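Colleague: Return atomic coordinates for the entry below.
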Amino acid sequence: MAESRTSITEIGTVRANPVLAISSAGGTSTALYQAATGPLGGMSALTESALDMSISFDERETGLYRDIAGNYRTTVSREVQTADRANARAGAGAALFNGGGAVTVRPQNGNALFAPGNRIRDFTVEFWLYPLNMENGEQILTWIATNRDMALQRVHCSASRNRLNWSFINFFTSTNGAANHNIEFSGSSPLVPKTWSHHLVRFDATTGMIEYIVDGSSESIVYATPTKRENGEVFTPLTGSGGVFSLGDRFMGLIDEFKIHKVFAGRSSIQKYAPAGGRIQTAAIDLGDKNSGVVRIEASGGRVGIRRRGRLSRAA
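Modeller: Next comes the predicted model:
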């Protein structure tokens, strides 16, 4: 979704060269990590009641990292470090990974969405990522369990060619549990090292749609159906036994605000920009000629252009 800036609020001419002030508060921004209703159908806003897992990494010590929803227990490798508020994307801290450790997360009660033998309907996974190098093979997220046929079940998110690749192996199963549907997809836009980006994967059990959204923009849509389209039987996740999440294994960088929700989310829980908007004011703009003036201002797609036409004559 591209940002659309619609409000240019001030032109100051109190000095020889004008000053341009731009405000987004009165404009319409679609870059708030919201998904518009309409072509995507009915979606749910993220609420606390829909929260399955929430690890904020705000604690001062890694040993205190916890799931505030209370459905999972965490174990942290000693190689993982804490990052302070200044380096976090949100809240008081983030988890810093050096490629040699991970945060391990296990279901601890039957309320957990990924509890053994659970048939999952809608779900959403989201997190913030700050890679240092974004090298091939870095692992961001892994879920490993054993399904009823004693086969390996895995959800895997790793880096390749500056993009995140996702794979779901023996995770989506038919209604009778007799067949599995493996799914793979990746982002379409390269991620920039040393830059925060927001990642969200959501599943709609009604249509079988799995959508991958990066920074509010849809990057991939696939379907958990035999036809790989929006028709036919919808395969849904059936969690195996002994399941465990591993966050940040063989990854160098920061992860913040890791969450799982029990709904197909219409918006993420974190906004990129403040709802109240913002304001900037430029330095004096040199129009090039004496007695010149601003006759038109154009603003679209995040760019602002000032056009000058001719010269303005002095009054006789």
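Colleague: Would you map the strands across the stretch 151-300 of the chain?
Modeller: Applying DSSP state E, counting those that start in this stretch to the stretch 151-300 of the chain gives strands spanning 152-160, 163-173, 180-186, 197-204, 209-214, 217-223, 236-237, 241-247, 252-261, 279-281, 296-300.
Colleague: Mind giving me the packing neighbours of the first one?
Modeller: This points to strand 152-160. Counting by 3 or more CB pairs under 8 Å, 6 or more residues apart in numbering; DSSP states H and E, the packing neighbours recorded for strand 152-160 are strand 139-146, strand 163-173. (C-beta placed from N, C-alpha, C; glycine too.)
Colleague: and if you look at the third one?
Modeller: The criterion is 3+ CB pairs under 8 Å, 6+ apart, and the helices and strands that strand 180-186 contacts are strand 163-173, strand 209-214, strand 217-223.
Colleague: swap the cut-off to 6 Å and go again
Modeller: Secondary-structure packing of strand 180-186 (3 or more CB pairs under 6 Å, 6 or more residues apart in numbering; DSSP states H and E): strand 163-173, strand 217-223.
Colleague: One more: the shortest one?
Modeller: In terms of contacts (3+ CB pairs under 6 Å, 6+ apart), strand 236-237 is packed against no helix or strand at all.
Colleague: hmm, 8 Å instead?
Modeller: strand 163-173.
Colleague: for the strand it packs on, which positions count as buried?
Modeller: Under the neighbour-count criterion of 16 or more other CB atoms under 10 Å, strand 163-173 has 163-166, 168-173 buried.
Colleague: With stretch 76-89 instead?
Modeller: Across stretch 76-89, burial judged by 16+ other CB under 10 Å covers 76-77, 80, 82-83, 88-89.
Colleague: could the helices and strands packed on strand 152-160 be laid out in CSV, adding mean pLDDT and distance to Thr195?
Modeller: Compiled in CSV, the helices and strands packed on strand 152-160 are given as follows (pLDDT from 0 to 100; distance: least, CB to CB, whole Å):
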stretch, mean pLDDT, distance to Thr195
strand 139-146, 96, 15
strand 163-173, 97, 14
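Colleague: Give me the nearest residue to Tyr130, chain neighbours excluded.
Modeller: Closest residue in space to Tyr130, ignoring its immediate chain neighbours: Leu254 at 3.8 Å, by CB to CB, 6 or more residues apart in numbering.
Colleague: thinking again about what came up before, can you list the helices and strands packed on strand 152-160 in a markdown table and add distance to Gly70?
Modeller: Listed next are those as a markdown table, based on distance: least, CB to CB, whole Å:
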| stretch | distance to Gly70 |
| --- | --- |
| strand 139-146 | 19 |
| strand 163-173 | 24 |
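Colleague: Looking at stretch 195-206 now, give me its mean pLDDT.
Modeller: Mean pLDDT, stretch 195-206: 96.
Colleague: correction: stretch 224-244
Modeller: For stretch 224-244, mean pLDDT rounds to 94.
Colleague: Then stretch 53-61?
Modeller: Stretch 53-61 shows a mean pLDDT of 96.
Colleague: who's Ile213 bridged to?
Modeller: Under the criterion DSSP bridges, Ile213 forms beta bridges with Leu200, Ser218.
Colleague: quick one: pLDDT of it?
Modeller: For Ile213, pLDDT reads 96.
Colleague: Determine how far stretch 120-131 lies from the middle of the whole chain.
Modeller: 7 Å (CA atoms, centre = their mean, to the nearest Å).
Colleague: Could you export it as PDB, CA atoms only?
Modeller: This file holds the C-alpha atoms of stretch 120-131, laid out as PDB (Å, rounded to 0.1, in the frame of the first residue of the first chain):
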ATOM      1  CA  ILE A 120      -6.100 -24.400  14.300                       C
ATOM      2  CA  ARG A 121      -8.500 -22.100  12.400                       C
ATOM      3  CA  ASP A 122      -7.500 -18.500  11.800                       C
ATOM      4  CA  PHE A 123      -4.200 -17.200  13.000                       C
ATOM      5  CA  THR A 124      -1.800 -14.300  12.600                       C
ATOM      6  CA  VAL A 125       2.000 -14.200  13.400                       C
ATOM      7  CA  GLU A 126       3.800 -10.800  13.500                       C
ATOM      8  CA  PHE A 127       7.100  -9.400  14.600                       C
ATOM      9  CA  TRP A 128       9.600  -6.600  14.000                       C
ATOM     10  CA  LEU A 129      13.000  -7.400  12.500                       C
ATOM     11  CA  TYR A 130      16.300  -5.500  12.400                       C
ATOM     12  CA  PRO A 131      18.900  -7.600  10.500                       C
END
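Colleague: Since that was my last question, I'll sign off now.
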